[in-house]
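Enquirer: Can you look at this prediction? I've put the sequence above it.
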Amino acid sequence: MTIAAVTPEPDPQGFVRFFSLAVGLGIALAGTIYPPLFIGSKGTVDHGMMVALFWAMSAGLVRGVGFVPRKNVWKWVFSGWSCIAGLLVASGFRWTV
């Protein structure tokens, strides 16, 4: 019985994975270094913005390291596009009055 060597194929979404990982690490580092990042436009902690940022961070880290869930729901929740959506939602919370 012989075992065939499996050669990895080039990742066509390499840029998306790099962008997602950079966003996830950036949010984690920025929140650690500068906690007032989570303060909203009214001067108080904005929980909606925090949820959106943590969703973007989680999606970025999960997708950025190359993990792809099996179920379609989790594929969508932790995709590169949901990372961008989380950033857009967080910026909407941040800059609205």
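Expert: In hand now; what should we look at?

Enquirer: Secondary structure element holding the most centrally placed residue in the chain?
Expert: The centroid of the chain falls nearest to G60 when counting by CA atoms, centre = their mean (2.4 Å). Assigned by DSSP states H and E, G60 falls within helix 47-64.

Enquirer: Now that helix: buried residues?
Expert: 49-50, 52-64 (16 or more other CB atoms under 10 Å). Using the backbone N, CA and C atoms, a C-beta is placed for each residue, glycine as well.

Enquirer: Considering those, which is situated nearest to V89?
Expert: Ranked by distance to V89 (CB to CB), the buried residues of helix 47-64 are led by A52 at 4.0 Å.

Enquirer: Would you confirm that the residue nearest to the centre of the chain contacts R17?
Expert: No: under the criterion of CB atoms under 8 Å, G60 makes no contact with R17, lying 9.6 Å away.

Enquirer: now the helices: where do they sit in the chain?
Expert: 14-33, 47-64, 72-77, 80-95 (DSSP state H).

Enquirer: before we move on, back to that, pull out the CA atoms of the helix holding G60 and give them to me as CSV.
Expert: Taking Å, rounded to 0.1, in the frame of the first residue of the first chain, the C-alpha atoms of helix 47-64 are listed here in CSV:
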residue,chain,number,x,y,z
HIS,A,47,-22.1,48.1,23.1
GLY,A,48,-23.4,47.8,19.5
MET,A,49,-20.1,49.1,18.2
MET,A,50,-18.2,46.7,20.4
VAL,A,51,-20.2,43.7,19.2
ALA,A,52,-19.6,44.7,15.5
LEU,A,53,-15.8,45.2,16.2
PHE,A,54,-15.5,41.9,18.0
TRP,A,55,-17.4,40.2,15.2
ALA,A,56,-15.0,41.7,12.6
MET,A,57,-12.1,40.7,14.8
SER,A,58,-13.3,37.1,15.2
ALA,A,59,-14.1,36.7,11.5
GLY,A,60,-10.8,38.2,10.6
LEU,A,61,-8.8,35.9,12.8
VAL,A,62,-10.7,32.8,11.9
ARG,A,63,-10.6,33.5,8.1
GLY,A,64,-7.1,34.9,8.3
